[in-house]
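# Compute the structure for the input listed below.
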Amino acid sequence: MILIIISVNILKGTSNGIFEIISNFISLTFGGMIIGIIFGVVATFWIKKIFYDSVLITNITVVFSYIVFYTAEHIKIDGKSFSGIISVVTFGLFISIFGKNNL
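Residues are numbered from 1 along each chain as shown. Sure, this is the predicted structure:
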């Protein structure tokens, strides 16, 4: 998906050179990872406060997944955008590794 976004930017003429293309790739990839990790830390902290309520844990995970995607897709810092898909994947990996359920 990142390569498709970069290809569309090249075809539109918004990316003018190899350094800008590499910069877009890095910001999409690593920016998305950072956003996923930030939201993963918040969700993990919240999930660890919940005891024996699997429905609430599932709801938090689903809602945070949507919030992570929306936030990553709509935040622009210095004109650089971030990948929502990478953010959600990173969020899911972070939750699965560090968010041990208390069930």
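# could you show me where the strands are in the protein, in order?
76-77, 80-81 (DSSP state E).
# Adjacent strands (with direction) for the first one?
The one in question is strand 76-77. strand 80-81 (antiparallel) (DSSP bridges).
# And the pLDDT for the residue lying closest to Ile75 once chain neighbours are set aside?
The shortest distance from Ile75 to any residue other than its chain neighbours is 6.1 Å, reached at Phe82 (C-beta to C-beta, 6 or more residues apart in numbering). All C-beta spots, glycine's among them, are computed from the backbone N, C-alpha and C. On pLDDT, Phe82 comes in at 92.
# Kindly report the same for Ser7.
86.
# which residues touch it?
The contact partners of Ser7, by C-beta atoms under 8 Å, 6 or more residues apart in numbering, come to none.
# ok, now with 10 Å
With contacts defined as C-beta atoms under 10 Å, 6 or more residues apart in numbering, the neighbours of Ser7 are 15, 21.
# Check the spacing between it and Ser15 real quick.
In this view, Ser7 and Ser15 are 9 Å apart by C-beta to C-beta, to the nearest Å.
# what about Gly13, how many residues close to it?
Using other C-beta atoms under 10 Å, Gly13 is surrounded by 7 other residues.
# distance of Thr90 from Phe19?
For Thr90, the distance to Phe19 - C-beta to C-beta - is 25 Å.
# And Ile97, by the same measure?
34 Å.
# Measure how buried Thr71 is and give me the count.
Close neighbours of Thr71, defined as other C-beta under 10 Å, add up to 16.
# How about it: what's its closest non-neighbour residue?
Nearest one to Thr71, counting by C-beta to C-beta, 6+ apart, is Ile35 at 6.2 Å.
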